[in-house]
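Trainee: sequence plus predicted model, see below.
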Amino acid sequence: MSAPHIILTAGPTIEPLDPVRFLSNRSSGKQGYALAGALTARGARVTLVSGPVHLETPPGVIRIDVETACEMMAAVEAALPADAFIGVAAVADWRPAERHAQKLKTDKAGFANLKLAENPDILRTIAHLPPGRRPALVIGFAAETEADPVALETLAHQKMRRKGCDMIIANDVSEGVMGGDNNTVLVVSKEETSKIPHADKSAIAAQLAGTVMALLGNHRKV
Ligand code: C5P
C-alpha cells in the first residue's frame with residue numbers, strides 16, 4: 001500500500017499593510033512541525049504548508065513556504081489530492097483590504113480607518129470539497145483560553161460542526177502554551193473525546209500521529 005499523503009498547515013500567516021507592517025497571529029509553529037515530523041516518521045508523505053517560522057524542516061517533510069492566508073489556501077489546493085488535511089496554522093482571519101507599495105506615513109489619517117478584508121477559511125473550504133476531492137480525514141485545531149475541560153469539549157464540538165471537519169484537537173492556551181514546549185490537548189471527534197495529558201509538544205505529536213495513522217488505516221480498508 002502506498003504511503004498516505006497528508007497536507008498540514010503550520011505557523012502564522014502574515015498579512016502585509018505596507019512593506020514594513022503586517023497583521024499576524026502569535027504562533028511558533030512548534031506543534032505543527034512536531035506533528036509533521038511524527039507523521040513522516042510513521043510512514044506518511046507529508047506536505048507542510050508553512051507560514052514564517054524559525055524552525056528546521058523535519059527530515060523527509062516536503063515544505064512549501066507562504067506568507068499570507070490566500071497564499072496558504074492556494075498552496076493547499078495545489079497540493080491536493082490528499083488522504084488527510086490537518087490545519088494547525090494560526091491563520092489570520094482578516095487582512096488589510098489594501099496593500100500599500102510605500103510605507104504609510106504615521107501622520108496619515110488612514111491608520112484610524114484601516115479597512116480589512118476577510119481571509120478564506122482554509123479548514124472550512126477543504127472540509128466542504130466535493131466527495132472524491134475532499135480528504136478522507138479533515139482535522140482542525142482550536143486554541144481556546146478555556147481551562148475547564150467540559151467547556152473546552154463543548155467549544156470543540158461547536159467548531160467541528162461550524163467547520164465541517166471530522167476531528168478537533170483543542171488546547172487551552174491560557175498558560176504558556178504559545179511559544180512554549182508543552183501542551184495539553186483534547187482530541188474530539190463525533191464519536192469520542194480523549195485527553196492527552198500535559199506533555200512535551202513532540203510527545204503530543206507522536207500520540208496524535210498514531211491516532212491519525214490508525215484512522216487513515218481504517219478509512220483505507222473501507
Ligand atoms: O475558529 P478558528 O478559526 O479559531 O479555528 C481554528 C482552526 O481553523 C485551525 O485548525 C486553523 O488552522 C483553521 N483556520 C483556517 N483558516 C482560517 C482560520 C482558521 O484553516 N482562515
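Mentor: The structure has been received and is ready for your questions.
Trainee: going by C-alpha atoms from here, please, whenever you check contacts or count neighbours.
Mentor: Noted.
Trainee: what does the pLDDT read for residue 194?
Mentor: Note on residue 194: pLDDT of 93.
Trainee: what's the answer for residue 177, then?
Mentor: 60.
Trainee: and for residue 104?
Mentor: At residue 104, pLDDT is 88.
Trainee: if I look at it, how far off is the ligand?
Mentor: 26 Å (C-alpha to the nearest ligand atom, to the nearest Å).
Trainee: ok, now residue 167?
Mentor: 10 Å.
Trainee: okay, and the beta partners of that residue?
Mentor: residue 139, residue 189 (DSSP bridges).
Trainee: contact partners for it?
Mentor: 138-140, 160, 187-190 (C-alpha atoms under 8 Å, 6 or more residues apart in numbering).
Trainee: mind jotting down where the helices sit in this structure?
Mentor: In the chain, the helices defined using DSSP state H lie at 30-41, 69-79, 122-127, 149-163, 201-221.
Trainee: in TSV, list the ones you listed along with distance to the ligand and mean neighbour count.
Mentor: Putting the helices of the chain into TSV (distance: least, C-alpha to the nearest ligand atom, whole Å; neighbours: other C-alpha atoms under 10 Å) gives the following:
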stretch	distance to the ligand	mean neighbour count
helix 30-41	10	25
helix 69-79	7	18
helix 122-127	4	20
helix 149-163	6	17
helix 201-221	14	16
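Trainee: switch those helices over to TSV; also include distance to residue 8 and mean pLDDT.
Mentor: TSV is the format used below for those (distance: least, C-alpha to C-alpha, whole Å; pLDDT from 0 to 100):
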stretch	distance to residue 8	mean pLDDT
helix 30-41	7	96
helix 69-79	8	98
helix 122-127	10	98
helix 149-163	16	93
helix 201-221	12	87
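Trainee: just so I know, which of the ones you listed lies nearest residue 106?
Mentor: helix 69-79 (26.0 Å; C-alpha to C-alpha).
Trainee: packing partners of that closest one?
Mentor: strand 5-10, strand 45-50 (3 or more C-alpha pairs under 8 Å, 6 or more residues apart in numbering; DSSP states H and E).
Trainee: what's the closest of the ones you listed to residue 122?
Mentor: strand 5-10 (9.4 Å).
Trainee: show me how far that closest one is from its chain's centre.
Mentor: Centroid displacement of strand 5-10 relative to its chain, using C-alpha atoms, centre = their mean, to the nearest Å, is 8 Å.
Trainee: is any part of it close to the ligand?
Mentor: No: figure legend: strand 5-10 not in contact with the ligand (C-alpha under 6 Å from any ligand atom); closest approach 6.7 Å.
Trainee: what angle separates that strand from helix 30-41?
Mentor: Per axes from the mean of the first three to the mean of the last three C-alpha atoms, to 10 degrees, the angle that strand 5-10 makes with helix 30-41 is 160 degrees.
Trainee: so which residue is dead centre in this structure?
Mentor: residue 88 (1.9 Å; C-alpha atoms, centre = their mean).
Trainee: hmm, back to that, could you export the helices of the chain as TSV, including distance to residue 101?
Mentor: Shown next, in TSV, are the helices of the chain (distance: least, C-alpha to C-alpha, whole Å):
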stretch	distance to residue 101
helix 30-41	32
helix 69-79	18
helix 122-127	27
helix 149-163	35
helix 201-221	39
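Trainee: which one of those helices lies nearest to residue 183?
Mentor: Short answer: helix 201-221, nearest of these by C-alpha to C-alpha, at 5.9 Å.
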